[in-house]
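# Return atomic coordinates for the entry below.
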Amino acid sequence: MKTKHTLLLLFIIPLLSFTTHKYYLSLTQLTYKSEAKSIQIIMNVFMDDIEVALNKDYNIDLQLTTKKELKNNDVYFERYLKEKLLFKVDGITKTFNYIGKEYEGDLVYFYLEIENINQVKTIHVTNNILTKHFPEQQNLVKSKVGKKNKSVLLTKEDNTTTLKF
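Predicted coordinates:
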C-alpha cells in the first residue's frame, strides 16, 4: 500500500509543477479587406494580465467583469492600445480606430480598424502590449492580405516586424 502511495505521489507532483506555469501570450490578427479599404484588427489578451497592466499604469481599479467594473474602461483600453501598438502601411504611419471590446472566458477581444487603405504591400507592426509588466510576454501577429498569410512572434526584446506581401 505504501508503495502505491509513493508511486502516485511521484507521478502527481511533477504534473502539478507544470500546471503552475503561467503563459503570457496575445494574438493580433490583421486582415486586409479590399472591399472595405481597411485593415481589420482583432486582438485578444488574457483579462487578468491587461487588468494588472492598466491598473498599474493608470493608477485605477478596473475590476473587469464585476459589478464594480469602471464604466469608462474603454477610455483606458483605447489609450493603452494606442500607446503600445504602432502600425505603418507601405511605410506610412497609420492610426487605428478603437471599435470596442468584448469578454469571452478569461480573454478580452479588442476590435480595431485602420481605414482608407487602397492596397497593402507591407505592414510594419510594433507591439509592446503587456511587456512592461510581464517580461516573458509574447505577442503573436497573424496577417492576411489577399491570399497571403504571414505570422511572426514578437517579444519584449524583438517587438517590431515588417510583413511583406
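# First-to-last residue distance for stretch 84-97?
With CA to CA, to the nearest Å applied, stretch 84-97 spans 14 Å between its terminal residues.
# which parts of that stretch are buried?
84-87, 89, 94, 96 (16 or more other CB atoms under 10 Å). (C-beta placed from N, C-alpha, C; glycine too.)
# what's the answer for stretch 30-43, then?
30, 32, 38-41, 43.
# What of stretch 22-30?
24-28, 30.
# Pretty sure Gln137 sits against Tyr24.
Yes: with contacts counted by CB atoms under 8 Å, Gln137 reaches Tyr24, the gap being 4.2 Å.
# and for these two, which residues touch both?
49, 130 (CB atoms under 8 Å, 6 or more residues apart in numbering).
# Tell me who's in contact with the most centrally placed residue in the chain.
Nearest to the geometric centre of the chain sits Ser26, at 3.3 Å (CA atoms, centre = their mean). The contact partners of Ser26, taken as CB under 8 Å, 6+ apart, are 43-46, 127, 129-130, 137-140.
# again with Pro135
With the criterion set at CB under 8 Å, 6+ apart, Pro135 makes contact with Lys156.
# Including distance to Thr160 and pLDDT, could the contacts of Ser26 go into a markdown table?
Below are these laid out as a markdown table (distance: CB to CB, whole Å; pLDDT from 0 to 100):
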| residue | distance to Thr160 | pLDDT |
| --- | --- | --- |
| Met43 | 16 | 98 |
| Asn44 | 21 | 97 |
| Val45 | 19 | 97 |
| Phe46 | 22 | 96 |
| Asn127 | 8 | 98 |
| Ile129 | 13 | 98 |
| Leu130 | 16 | 97 |
| Gln137 | 15 | 97 |
| Gln138 | 14 | 97 |
| Asn139 | 11 | 98 |
| Leu140 | 14 | 97 |
